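Chemist: please find the sequence and the predicted model below.
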Amino acid sequence: MQPISQVEGRAYPLGLKNIDTDIIIPAVWLKTISRTGLGKGAFETLRAVEGNVFDNPEYNGAPILIAGDNFGCGSSREHAAWAMADLGITAVIAPSFSDIFSGNAFKNGLLAIVLPQPAIDRLLEVAKTDPIRIDLETQTVTTPFQDRFEFEIDPFRKHCLLNGVDEIGLTLNSSDAISAYERKLATDRPWLAPTMG
């Protein structure tokens, strides 16, 4: 995972409620185990509508998505987070997220920020013309108009996102301690040590 400290740029002003994972990445795109290329299918049904924000050149490459309530509901497909990341999105701001989507987003380096609806309404307005800035260290979302919205994030998730490590990376960071423990265990309790046979 890439570390996330600050995310700044234009934001897709989507704002729709109940965007489920089938809208984020339709089932026809789930035939792959690769994380690349899914951005082409991201929000495919919404992109089929003329004038959609995803195909508007003004928002091309926007790293932030402003969404409505209950974002990421539906099935547990991890491909939804992969597709958004492949589209170039690094952070999603919404009033609430599906628990499964929120977990998948975190595990794939996508920052999911919960803000109250009035803050979302303001950000949707700003996103139409100006960039938005997210600072994970200070847990704030700001605009060029002096708007400042604070958000909560689990300290463990914050640490992982700031340092660009997932659960496997955290385990690998402790490989010396794990090896030392295994050597000590083999000495102290040899009956537990694996045998070749």
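Modeler: The structure has been received and is ready for your questions. Numbering: from 1, shown residues only.
Chemist: helices and strands around the helix or strand bottoming out on mean pLDDT in the chain, which ones?
Modeler: One helix or strand of the chain scores below all others by mean pLDDT, DSSP states H and E: helix 167-173, with a mean of 79. In terms of contacts (3 or more Cβ pairs under 8 Å, 6 or more residues apart in numbering; DSSP states H and E), helix 167-173 is packed against helix 155-163. (Each C-beta comes from the backbone N, C-alpha and C, glycine too.)
Chemist: buried residues in the helix it packs on?
Modeler: For helix 155-163, the neighbour count (16 or more other Cβ atoms under 10 Å) marks Arg157, Lys158, Cys160, Leu161 as buried.
Chemist: who's in contact with the residue lying closest to the second one once chain neighbours are set aside?
Modeler: In other words, Lys158. The shortest distance from Lys158 to any non-neighbouring residue, by Cβ to Cβ, 6 or more residues apart in numbering, is to Leu136 (6.5 Å). Residues in contact with Leu136, defined by Cβ atoms under 8 Å, 6 or more residues apart in numbering, are Ile4, Ser5, Gln6, Val7, Leu111, Ile153, Lys158, Leu161, Leu162.
Chemist: any idea how far Ile4 is from Leu136?
Modeler: To Ile4, Leu136 is 6 Å away according to Cβ to Cβ, to the nearest Å.
Chemist: where do the contact lists of these two overlap?
Modeler: Leu111, Leu161, Leu162.
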